[in-house]
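Participant: Here you go, sequence then predicted model.
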Amino acid sequence: MHDYLYEHQQALDDRHLEKYAKIIGLNLERFNEDMKNSIHASRIREDFLSGIQSGVNGTPSFYINEIRYDGPWDFDTLIRILTAVMNNQ
């Protein structure tokens with residue numbers, strides 16, 4: 001489900017969420033019941049607030065050793081940064 005949500009961030013209304021649930025093979029009866037009863041709402045809010053407290057202002061956000069990384073996301077740069085961090089530990 002994560003991939004569908006990320007790829008379709010502009011279409012997250014109930015109708016679309018149910019469509020994504022069906023596409024990935026979730027139990028639609030349970031999905032709809034959970035949505036109706038807001039089963040996961042408190043956990044979502046908790047994660048959202050945790051992100052705000054950590055300085056997350058969008059997705060994706062990437063942290064290295066609890067420090068937000070705002071540099072380039074290309075493979076070579078990330079490998080260079082991660083290797084440097086590992087060598088300094």
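Facilitator: Perfect, I can see it now. Note that the coordinates shown come from a computational prediction; the quantities given were computed from them, not determined experimentally.

Participant: drop to CA atoms for contacts and neighbour counts, all remaining ones
Facilitator: Fine.

Participant: In the protein, what residue spans correspond to strands?
Facilitator: Using DSSP state E, the strands of the chain run over 62-64, 67-69.

Participant: For N87, find the nearest of those.
Facilitator: strand 62-64 (13.3 Å; C-alpha to C-alpha).

Participant: mean confidence score for the closest one?
Facilitator: For strand 62-64, mean pLDDT rounds to 86.

Participant: Walk me through which strands that strand pairs with, and which way each runs.
Facilitator: Strand pairing for strand 62-64, determined by DSSP bridges: strand 67-69 (antiparallel).

Participant: if we look at the partner strand, which residues are touching it?
Facilitator: Contact with strand 67-69 is made by G55, S61, F62, Y63, as judged by C-alpha atoms under 8 Å, 6 or more residues apart in numbering.

Participant: how about 10 Å then?
Facilitator: Strand 67-69 is contacted by residues S54, G55, V56, S61, F62, Y63, L78, I81 when judged by C-alpha atoms under 10 Å, 6 or more residues apart in numbering.

Participant: same deal with stretch 82-89?
Facilitator: Contacts of stretch 82-89 (C-alpha under 10 Å, 6+ apart): I64, N65, T77, L78, I79, R80, I81.

Participant: With neighbour count and distance to Q89 as extra columns, can I get those residues in a markdown table?
Facilitator: Listed next are the contacts of stretch 82-89 as a markdown table, based on neighbours: other C-alpha atoms under 10 Å; distance: C-alpha to C-alpha, whole Å:
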| residue | neighbour count | distance to Q89 |
| --- | --- | --- |
| I64 | 10 | 12 |
| N65 | 10 | 10 |
| T77 | 12 | 19 |
| L78 | 14 | 17 |
| I79 | 12 | 16 |
| R80 | 11 | 15 |
| I81 | 14 | 13 |
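
Participant: Quick one: mark the members of those residues that sit in helices.
Facilitator: With DSSP state H as the criterion, helices contain T77, L78, I79, R80, I81 from among these.
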